[in-house]
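J.: Okay, sequence plus prediction incoming.
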Amino acid sequence: MTSNQGRQPLRLMETFRSVFYTPIHVAIAGGFLEEEGLDVTFSTCPPQFPHPLSALLHEAADIVQSGIMRSIIASDWGAETVPMHFAKINSRDGFFVLGRPNSAPFKWEDFDGAQVIPVGFSPMPWASFQYALRGHGVNPDTLNLTIGLDLEEAIAAFRGGHGDFIHLPEPAAEQVLSQDAANLVVALGPVNGHIAYSSFAATNKFLATNSDLTSRFIQGYARALQWLAVNDATIVGSATKEFFHGVDPELIIRSVDRYKAQETWPTEPALNEPEYQGLQDILIAAGMVKERQLYAKVVRPDIVLQALP
């Protein structure tokens, strides 16, 4: 099937809108996927699906951005087959912990007994936050959590004086920081190191019946990653600001700069096993999985190898 422009249609879906997913936005806005003959319909996961992998299994998308965590958990629970992850989007945690303006230097023990507003829309950010806490001698059970809030509600609560710390992605973190309402106390990406945080996934059926399309997708995406790596935050932010209507473009640029500085994004799409195992360390520590799941059951490294020999 081809589009009216002679390009092959591809339905691509993200979990939520964030500068964290800039590699996807660059691939689309920069024309890298279009140059490969793909007619991309890009969307954010709609509310009828709990996450993009659910949309994938209901055939509402072809390729989705998702935390590899979800396929690992499904496998751990006994699923014989799971959506397969084949190309990396983020190689570090992209969330930040902000605290109240305070002249005293931050110490990890400040979290003991603190009121914290964690990310409420996905379990992976909280699992990664817990891993960082444990790594610095803090028991996550000592935190008093305010849960059940969406992103806007969480920010409004923190601005209104609730909580000692708030846990946010970009550009939300930059928006709060720009209003002098908080200080950045922890960038979780550098703390937890390189992990297979977020990636592209598809069903085995789609990968088997659309090998040419998938290869062209990888080739365009690989060029987008290279472009992202060599261009500065001002150029990248300007190229992707169309995805953030109503957000000050300067905040997008600052968010990109912060992510680039901590090496959040890969320079090539291969999803390697050491980073996969690093993610499993976090999931096991959080009690989200009981046993390590085989890399080959969740990841298809052959997809990138075939596209980029």
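T.: Nice, thanks for sending it over.
J.: hey, let's count contacts and neighbours off CA atoms from now on
T.: Fine.
J.: who does the nearest residue to Trp265 once chain neighbours are set aside bridge with?
T.: Once flanking residues are discounted, Trp265 sits nearest to Asn90: 4.9 Å by CA to CA, 6 or more residues apart in numbering. Per DSSP bridges, the residues bridged to Asn90 are Ser198.
J.: What is the neighbour count of Asn90?
T.: With neighbours defined by other CA atoms under 10 Å, the count for Asn90 comes to 25.
J.: Report the buried residues of the one helix or strand Ala239 maps to.
T.: Assessed by DSSP states H and E, Ala239 sits inside helix 233-240. Of all the residues in helix 233-240, those buried under the rule 16 or more other CA atoms under 10 Å are Ala233, Val236, Gly237, Ala239, Thr240.
J.: Correct me if wrong: the residue nearest to Trp265 contacts Glu263.
T.: No - between Asn90 and Glu263 there is no contact under CA atoms under 8 Å: 9.1 Å.
J.: OK, contacts around the closest residue in space to Asn139 that isn't next to it in sequence?
T.: Leaving aside its chain neighbours, Asn139 sits nearest to Leu133 (6.7 Å; criterion: CA to CA, 6+ apart). Neighbour list for Leu133: Trp108, Asn139, Pro140 [criterion: CA atoms under 8 Å, 6 or more residues apart in numbering].
J.: From Asp62, how far out is Leu133?
T.: Note on Leu133: its distance to Asp62, by CA to CA, to the nearest Å, is 37 Å.
J.: can you check Phe243 too?
T.: On the measure of CA to CA, Phe243 and Asp62 end up 21 Å apart.
J.: So the two - more neighbours on which side?
T.: Neighbour totals were compared for Phe243 and Asp62, and Asp62 leads with 19 against 14 (other CA under 10 Å).
J.: The more buried one contacts Lys205, correct?
T.: No - if you go by CA under 8 Å, Asp62 and Lys205 don't touch, sitting 10.3 Å apart.
J.: What's the biggest helix in this structure, counting residues?
T.: helix 211-230 (DSSP state H).
J.: which residues sit against it?
T.: With CA under 8 Å, 6+ apart, helix 211-230 has contacts from 8, 23-24, 26-27, 30, 32-33, 35-38, 87, 207, 236, 265-269, 303-304, 306-308.
J.: Closest one to Pro190 out of the buried residues of helix 233-240, please.
T.: Distance to Pro190 across these (CA to CA) is lowest for Ala233, with 18.8 Å.
J.: so the helix holding Ala239 versus helix 211-230, what angle?
T.: 140 degrees (axes from the mean of the first three to the mean of the last three CA atoms, to 10 degrees).
J.: what residue ranges in this structure score low on pLDDT?
T.: 1-5, 103, 121 (pLDDT under 70).
J.: where along it do the strands fall?
T.: 8-14, 38-44, 63-67, 84-90, 96-99, 115-117, 144-145, 165-168, 183-187, 198-202 (DSSP state E).
J.: Now tabulate these in a markdown table and tack on distance to Leu53.
T.: A markdown table is the format used below for the strands of the chain (distance: least, CA to CA, whole Å):
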| stretch | distance to Leu53 |
| --- | --- |
| strand 8-14 | 9 |
| strand 38-44 | 12 |
| strand 63-67 | 7 |
| strand 84-90 | 10 |
| strand 96-99 | 25 |
| strand 115-117 | 26 |
| strand 144-145 | 27 |
| strand 165-168 | 23 |
| strand 183-187 | 27 |
| strand 198-202 | 8 |
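J.: what's the closest of the ones you listed to Val299?
T.: Among these, strand 84-90 sits nearest to Val299 (CA to CA), with 4.8 Å.
J.: partner residues bridging Val116?
T.: Leu145, Phe165.
J.: So what's the residue count around Ile282?
T.: 22.
J.: my read: it touches Phe129, true?
T.: No - Ile282 is beyond contact range of Phe129, at 9.3 Å (criterion: CA under 8 Å).
J.: now, which of the buried residues of helix 233-240 sits nearest Gly78?
T.: Ranked by distance to Gly78 (CA to CA), the buried residues of helix 233-240 are led by Thr240 at 39.7 Å.
J.: Quickly note the distance from that closest one to Gly67.
T.: For Thr240, the distance to Gly67 - CA to CA - is 22 Å.
J.: How about Tyr295?
T.: With CA to CA as the criterion, Tyr295 and Gly67 are 15 Å apart.
J.: more crowded one of the two?
T.: The neighbour comparison of Tyr295 against Gly67 (other CA under 10 Å) goes to Gly67, with 27 against 15.
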